[in-house]
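Asker: Quick one, structure for this:
(chains A and B)
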Amino acid sequence: MHESVRRFSRAERLVHQTTLALMVVCLTTAAAIYFGPIAAAIGRRHVVATVHEWSGILLPAPFLLGLLSRALRLDVRRLNRFTRTDGRWLLGVVRRIPHHHEVSGKFNAGQKVFAAWLAGAIVVMVVTGLLLWFKFSLSGVPRAGVIAVHDILAFAIAVALAGHAYKALTSISR
Amino acid sequence: MTDQVEPDDAGRPIGRRIVLGTIAAGLAGLFVAPTLQEKWSDLLGAASQRDPTGLSGLLPNPGGFRYFSVAGSVPEKDASTYKLTIDGLVAKPTSYTLPQLTELPQSRVTHDVVCTDGWQVDQVPFVGVRLSELLDAAGVQPDAKAVRFTCFDGVYSESLTMEQARRPDVLVAVQMLDQPIPHISGGPVRLFVGPMYFYKSAKWLSGITVTDEVVPGYWEKYGYPVDGWLPGEEPAGA
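Answerer: Residues are numbered from 1 along each chain as shown, chains lettered A, B, ... in the order given. Have a look, this model is predicted:
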């Protein structure tokens, strides 16, 4: 009796696909810049760095353009709102009780937290990335701190995206 | 599943707070991280020395020096196996062992280390033999215009003009931070070109060749400037 439900509009899918493509390029080039063995295998560090910079700075662009879509704006609104059900869902995760059926609306609380955190993280990555790219010397901003935040957050994003991909690929309710 | 337990508009705008909180945490991290990173990179530096798997290299290592090599693996050299050769347009091609280098008059250059990738370590002391003294000892021929450096990683190379190579702040360094230079930092002997970006300071130095023209080094073939002056360090007229 299950009919397939179209959860996202064409515009939203397009936003997701282009963001995914940019993210893959950005993370792949990041790995090639960061890890000596990969860098040695690929070489052409100058090209790699340029691709990394542009894929990174363009990362928010699909979403920002997507805000023209009413469906996307509506989903952003849904992701923003946390209800008591979401509170119970998160508590259930912490206490390792399966509460996954308790979903308030279109998204579960995990999806909401992930979306919001990733949005904030990308803003931080773009800001720190621009600081590194253009070698701004903002007085009072320690350069080592910029590098540390950019690096640590990159690792956190990679881990979070791995979890996101795992959940997406193993979940039945697409 | 589309069963709507509660309407979409219900609840509080916590998502927005998570976005802003993440941004705030990231900005706070800019100022907190430098105090934490030193211990972290010390820990990783120590761990990577006795980590045969190399997996510790996959952990973030912010701050301090970053290990970077253009070669897959680099042989380790010590006092018994290290050799520095000086050849090319010189009267007396020579070679030095590590003990021979350390017995020569030592100079000290303290300078910020700045990588083009964005990291920087302030006021790092290097100790070693002035390159100009090694060149004088070998007897540079009149038509010599430049110096080319090669490394025992088998891949890396660098170069300086003769004028740059004779500067007092250009060392064939045997100590960094008042310690023998560890392998991971390009030891036992590396070049240190104080006023230039750190890619000019070739690690694992094994060859000095005097040439009649500047031969672009490894990174210079990828578009890095041959004259890698740090901002504000260009000599007058350069």
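
Asker: at contact distance from chain B, anything in the longest helix seen in chain A?
Answerer: Criterion DSSP state H: the longest helix present in chain A is helix A:143-170. Yes. Part of helix A:143-170 sits near chain B under the criterion Cβ under 8 Å from any Cβ of the partner chain, namely A:Arg143, A:Ala144, A:Gly145, A:Val146, A:Ile147, A:Ala148, A:Val149, A:Asp151, A:Ile152, A:Leu153, A:Ala154, A:Phe155. C-beta: built from backbone N, CA, C; applies to glycine.

Asker: Check which residues of the longest strand seen in chain B are buried.
Answerer: Using DSSP state E to assign secondary structure, the strand with the most residues in chain B is strand B:120-130. By 16 or more other Cβ atoms under 10 Å in any protein chain shown, the buried positions in strand B:120-130 come out as B:Gln120, B:Val121, B:Val124, B:Phe126, B:Val127, B:Gly128, B:Val129, B:Arg130.

Asker: lowest confidence element among the helices and strands of the chain?
Answerer: By default, I'm working from chain A. Every helix and strand of chain A was ranked by mean pLDDT, DSSP states H and E. The lowest is helix A:36-42, at a mean of 66.

Asker: should've been chain B
Answerer: Min over SSEs of chain B, mean pLDDT, DSSP H and E: helix B:14-49 (a mean of 80).

Asker: Ignoring the adjacent residues along the chain, who's closest to B:Ser206?
Answerer: B:Phe152 (4.0 Å; Cβ to Cβ, 6 or more residues apart in numbering or on different chains).

Asker: just checking, that neighbour touches B:Thr81?
Answerer: No. B:Phe152 lies out of contact with B:Thr81 (Cβ atoms under 8 Å); the separation is 9.5 Å.

Asker: Report the contact partners of the residue in chain B that chain A sits nearest to.
Answerer: Of all residues in chain B, B:Thr22 sits closest to chain A, at 2.7 Å by Cβ to the nearest Cβ. Residues in contact with B:Thr22 (Cβ atoms under 8 Å, 6 or more residues apart in numbering or on different chains) are A:Ala116, A:Trp117, A:Ala119, A:Gly120, A:Ala121, A:Val123, A:Val124.

Asker: now what about stretch A:154-174, what contacts it?
Answerer: A:4, A:7, A:23, A:27, A:30, A:34, A:110, A:114, A:117-118, A:121-122, A:125, B:1, B:60.

Asker: which one of these sits closest to A:His52?
Answerer: Closest approach between the contacts of stretch A:154-174 and A:His52, by Cβ to Cβ: A:Ala30, at 5.9 Å.

Asker: in the particular helix or strand that has that closest one in it, what counts as buried?
Answerer: Here A:Ala30 is covered by helix A:10-34, with elements defined by DSSP states H and E. Residues of helix A:10-34 classed as buried by neighbour count (16+ other Cβ under 10 Å): A:11-12, A:14-15, A:18-19, A:22-23, A:25-34.

Asker: which of those are close to chain B?
Answerer: Restricting the buried residues of helix A:10-34 to those near chain B by Cβ under 8 Å from any Cβ leaves A:Ile33.

Asker: I'd say B:Arg190 and B:Ala173 touch.
Answerer: Yes. Using Cβ under 8 Å, B:Arg190 makes contact with B:Ala173 at a distance of 5.5 Å.

Asker: So which residue is dead centre in chain A?
Answerer: By Cα atoms, centre = their mean, chain A has its centre lying nearest to A:Leu118, at 4.2 Å.

Asker: hang on, the earlier thing: tell me which of B:Phe152 and B:Thr81 has more neighbours.
Answerer: More crowded of B:Phe152 and B:Thr81, by other Cβ atoms under 10 Å in any protein chain shown: B:Phe152, with 21 against 12.

Asker: which residues touch that one?
Answerer: Per Cβ under 8 Å, 6+ apart, neighbours of B:Phe152: B:Val74, B:Pro75, B:Lys77, B:Trp204, B:Leu205, B:Ser206.

Asker: how about the spatially most central residue of chain B, what does it touch?
Answerer: Geometric centre of chain B, nearest residue: B:Phe198, 4.7 Å, by Cα atoms, centre = their mean. Residues near B:Phe198 by Cβ under 8 Å, 6+ apart: B:Val113, B:Val114, B:Cys115, B:Thr116.

Asker: Going through those, which ones are buried?
Answerer: B:Val113, B:Val114.

Asker: coming back round to it: gap between the residue nearest to B:Ser206 and B:Pro75?
Answerer: For B:Phe152, the distance to B:Pro75 equals 6 Å [Cβ to Cβ, to the nearest Å].

Asker: can you check B:Thr81 too?
Answerer: Counting by Cβ to Cβ, the gap from B:Thr81 to B:Pro75 is 8 Å.

Asker: Could you do B:Pro231 as well?
Answerer: Counting by Cβ to Cβ, the gap from B:Pro231 to B:Pro75 is 35 Å.
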